[in-house]
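Novice: when you get a sec, could you give me coordinates for this:
(2 chains)
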Amino acid sequence: MIWLDTIVQGILLGGLYALFAAGLSLVFGIMRLVNLAHGDLIIFAAFAILLIVGSTGLNPFLAALLAAPVMFAVGWALQAFVLNRVLGRDILPPLLVTFGLSVALQNGLLEAFSADSQRIRAGALESASIDLGPVTVGVMPLLTFASAVGAIFLLNRLFYTTALGRAFRATSDDAVTASLMGINPRSVFAIATGLAMVIVTLAALYLGMRSNFDPSIGPARLIYAFEAVIIGGLGSLWGTLLGGAIIGVAQTIGAQINPEWQILAGHIAFLVVLLIRPRGLFPRAVD
Amino acid sequence: MTDVLTLSHVTKSFGALKVTDDVSFAVAKGQALGIIGPNGAGKSTLFNLITGNFLPDGGTVTFLGRDVTRTPAMARVRMGVGRSFQIPQPFEGLTVFENLLTAGAYGRGLREAEVEADCIAILRDTGLLDRANQLAGSLSLLDRKRLELARAMATGPELLLLDEIAGGLTEGECQVLVATIRGLHAKGVTIIWIEHVLHALTSVVERLLVLDFGRVIGIGAPAEIMASKEVREIYLGMDV
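Specialist: Purely as a prediction, here's the structure:
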């Protein structure tokens, strides 16, 4: 029974990694931009939620609801005023700019909030659990996973059933041709990054409630997000969820064997998938 | 008769090479103009200047009475400049219908629901109705060319620019496409058409413009142009 429990916990943990990864996957899928500051933006959003909770005493979920439009605006502005200027045939400038942004965010957060470990308090929810017979699952991991499934479901709906989604896909296919059909690629990119930041806010909410965070942990979240995206296959959001679950299960199994192996086991699972399926499990993007 | 498009002394250089050299012409509403000229004469560049993908170094482009010389490409689409590409560039990850829907909604600044019926009519006109839900990436060459035409039509153009749309097709396929274009022209769409397949071109257009080294070396009725000694020498490479 202990193994069943380990696997279930791992899958639920994968929901958190999928949330980390979904925004990264969205931005990469539409504009082939790798945002190296993605992890730091998650931490930035976590501090924003913490700040709202601290100053208003609101429930963290409501605080995240308030933070989401602000983060959308941050993402929109970041894309419109910074990233759109460096996007082009050369992939190096956007990498350098987002790397610089990563360093600046970490140090800015350090300056504003110090290196102290923080946590978003969620009261009784933190320890609540449901007994499902053979396994007992925490309400928080369950909510995280459900949110990841919900977010990915809604993103897919957006992509395949709305005008904006078709514009996303058309621009992703060929931005120049899209502009000759009346689509403004720069505006599409800005909306996409804004949307990615809304998912980042959701990821930040669960990260902040489930574990301690401080300004320096962004890059490690970026790595988990990357691994989930690549295991799943670039461009496939459901693949990203599976990628997150694979890393999660590997980590919980690793931890079961020896607590020190938790992180390592996740990375090894990533390497194994890369060895067997270098393009990920459900590759969609052509390049 | 009003002019839909007027180019006046338009010039464009890439480095030292003048690819468009003092080009002036006008296209009246409802007219079809064919553009011919050897490879590298600057035909596609001329289209890029009309759509706004390139900005000219000199001269003016007037569309529907408004100076659009500096207007960006996507704004010109909304004003009514529709274009098909020489090498079909469908959005491969979208279905045929989605390609049209996107072009229709964004190209005309309307909601998808408002352009749906038009898109279906265009699919019928271009013979793509039974391919509507197929991914554009899986189409044959003829269907890709039809999609180019259909998608350009979906943007609701006052002026339709066709770039070698008959190129690479078999004779039968070519006739199918020409019939479609003739149908659109009969409905009053103004057309500028670059084409190497001369008989396809001359069966539709009222006037021909000949381009060589970026310059206009002749413009007039097709029969008159094809009979001109200069054109025959330069374009057709015939000794006369």
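
Novice: next, count neighbours for residue 80.
Specialist: Because you didn't say which chain, this covers chain A. Counted with other C-beta atoms under 10 Å in any protein chain shown, the neighbours of residue A:80 add up to 17. For the C-beta atoms, the positions are set from N, CA and C on the backbone; glycine is no exception.

Novice: switch to chain B, please.
Specialist: Neighbours of residue B:80 using other C-beta under 10 Å come to 18.

Novice: ok, now which ones touch residue 178?
Specialist: Let's take chain A. The neighbourhood of residue A:178, defined by C-beta atoms under 8 Å, 6 or more residues apart in numbering or on different chains, consists of A:167, A:170, A:171, A:185, A:188, B:91, B:102, B:106.

Novice: that's the wrong chain, I wanted chain B
Specialist: Contacts of residue B:178 by C-beta under 8 Å, 6+ apart are B:166, B:200, B:203, B:204.

Novice: and the helices in chain B?
Specialist: In chain B, the helices defined using DSSP state H lie at B:43-51, B:73-79, B:96-108, B:112-125, B:141-154, B:171-186, B:198-202, B:222-227, B:229-234.

Novice: could you dump those helices to TSV with distance to residue A:158 and mean pLDDT?
Specialist: TSV is the format used below for the helices of chain B (distance: least, C-beta to C-beta, whole Å; pLDDT from 0 to 100):
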stretch	distance to residue A:158	mean pLDDT
helix B:43-51	30	92
helix B:73-79	22	90
helix B:96-108	14	94
helix B:112-125	14	92
helix B:141-154	22	91
helix B:171-186	34	89
helix B:198-202	42	87
helix B:222-227	50	86
helix B:229-234	54	76
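
Novice: highest mean neighbour count out of those?
Specialist: Most buried of the helices of chain B by mean neighbour count (mean count of other C-beta atoms under 10 Å in any protein chain shown) is helix B:96-108; its value is a mean of 26.

Novice: got the residues of the stretch 51-200 of chain A near chain B?
Specialist: Contact residues, the stretch 51-200 of chain A versus chain B (C-beta under 8 Å from any C-beta of the partner chain): A:163, A:166-167, A:169-170, A:172-174, A:176-184.

Novice: any idea how far residue B:11 lies from chain A?
Specialist: Separation of residue B:11 from chain A (C-beta to the nearest C-beta, to the nearest Å): 23 Å.

Novice: ok so, going back, quick one: buried ones out of the contacts of residue B:178?
Specialist: Among the contacts of residue B:178, those buried by neighbour count (16 or more other C-beta atoms under 10 Å in any protein chain shown) are B:166, B:200, B:204.

Novice: picking that back up, for the contacts of residue B:178, which one is nearest chain A?
Specialist: Set against chain A, the nearest of those by C-beta to the nearest C-beta is residue B:166 (20.2 Å).

Novice: just to revisit the earlier point, got a PyMOL select line for the buried ones in the contacts of residue A:178?
Specialist: Filtering those down to the buried ones (16+ other C-beta under 10 Å) takes a single PyMOL command:
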select buried, (chain A and resi 167+170+171+185+188) or (chain B and resi 91+102+106)
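
Novice: hmm, back to that, can I get the helices of chain B in TSV with distance to residue A:49?
Specialist: Supplementary listing: those in TSV, determined by distance: least, C-beta to C-beta, whole Å:
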stretch	distance to residue A:49
helix B:43-51	46
helix B:73-79	37
helix B:96-108	35
helix B:112-125	35
helix B:141-154	44
helix B:171-186	56
helix B:198-202	63
helix B:222-227	70
helix B:229-234	71
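
Novice: re earlier: with distance to chain A as new columns, can the contacts of residue B:178 be given to me in CSV?
Specialist: Below are the contacts of residue B:178 laid out as CSV (distance: C-beta to the nearest C-beta, whole Å):
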residue, distance to chain A
B:166, 20
B:200, 23
B:203, 27
B:204, 23
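
Novice: count of neighbours near residue A:125?
Specialist: Using other C-beta under 10 Å, the number of residues around residue A:125 comes to 15.

Novice: and the one 3 residues further on, by the same measure?
Specialist: For residue A:128, the count of nearby residues is 13 (other C-beta under 10 Å).

Novice: hmm, it is touching residue A:136, no?
Specialist: No - Residue A:128 is beyond contact range of residue A:136, at 10.9 Å (criterion: C-beta atoms under 8 Å).

Novice: following the longest helix anywhere in chain A, which helix or strand comes up?
Specialist: Using DSSP H, we find that the single longest helix of chain A is helix A:2-31. Once the chain leaves helix A:2-31, the next helix or strand it forms, by DSSP states H and E, is helix A:38-56.

Novice: I'd like the average pLDDT over the next helix or strand along the chain from that next one.
Specialist: Once helix A:38-56 ends, the next helix or strand along the chain (criterion: DSSP H and E) is helix A:60-77. Mean pLDDT, helix A:60-77: 97.

Novice: quick one: contacts for residue 123?
Specialist: Reading this off chain A. Counting by C-beta under 8 Å, 6+ apart, residue A:123 has no contacts.

Novice: the intended chain is chain B.
Specialist: By C-beta under 8 Å, 6+ apart, the contact set of residue B:123 is B:96, B:97, B:100, B:129, B:132, B:150.

Novice: which other residues reach stretch B:43-61?
Specialist: A:176, A:180, B:5-13, B:19-20, B:22-24, B:35-37, B:67-73, B:75-77, B:81, B:83, B:86, B:159, B:161, B:163, B:192, B:194, B:211, B:214.

Novice: which strand or helix spans residue A:172?
Specialist: Using DSSP H and E, residue A:172 sits within helix A:163-173.

Novice: buried stuff in the next helix or strand after that helix?
Specialist: Downstream of helix A:163-173, the first helix or strand assigned by DSSP H and E is helix A:175-179. By 16+ other C-beta under 10 Å, the buried positions in helix A:175-179 come out as A:175, A:177, A:178, A:179.

Novice: got TSV for the residues you listed, with pLDDT too?
Specialist: Listed next are these as TSV, based on pLDDT from 0 to 100:
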residue	pLDDT
A:175	88
A:177	88
A:178	90
A:179	87
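
Novice: picking that back up, which of the contacts of residue A:178 sits closest to residue B:142?
Specialist: Among the contacts of residue A:178, residue B:91 lies closest to residue B:142 (C-beta to C-beta), at 18.3 Å.

Novice: list phi and psi for that closest one.
Specialist: phi -80, psi 100 (degrees, to the nearest 10).

Novice: can I get stretch A:244-264 as PDB, trimmed to CA atoms?
Specialist: Backbone C-alpha positions of stretch A:244-264 (Å, rounded to 0.1, in the frame of the first residue of the first chain) are rendered in PDB as follows:
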ATOM      1  CA  GLY A 244       5.000  17.000 -14.400                       C
ATOM      2  CA  ALA A 245       3.500  13.800 -13.000                       C
ATOM      3  CA  ILE A 246       6.500  11.700 -14.200                       C
ATOM      4  CA  ILE A 247       8.900  14.000 -12.300                       C
ATOM      5  CA  GLY A 248       6.600  14.100  -9.300                       C
ATOM      6  CA  VAL A 249       6.300  10.300  -9.100                       C
ATOM      7  CA  ALA A 250      10.100   9.900  -9.600                       C
ATOM      8  CA  GLN A 251      10.700  12.300  -6.800                       C
ATOM      9  CA  THR A 252       8.300  10.600  -4.300                       C
ATOM     10  CA  ILE A 253       9.700   7.200  -5.200                       C
ATOM     11  CA  GLY A 254      13.200   8.500  -4.800                       C
ATOM     12  CA  ALA A 255      12.400  10.000  -1.500                       C
ATOM     13  CA  GLN A 256      10.800   6.800  -0.300                       C
ATOM     14  CA  ILE A 257      14.000   4.900  -0.900                       C
ATOM     15  CA  ASN A 258      16.200   7.600   0.600                       C
ATOM     16  CA  PRO A 259      15.000  11.200   1.500                       C
ATOM     17  CA  GLU A 260      18.200  12.600   0.000                       C
ATOM     18  CA  TRP A 261      17.400  11.200  -3.400                       C
ATOM     19  CA  GLN A 262      14.200  13.100  -4.000                       C
ATOM     20  CA  ILE A 263      15.500  15.800  -6.300                       C
ATOM     21  CA  LEU A 264      18.000  13.600  -8.000                       C
END
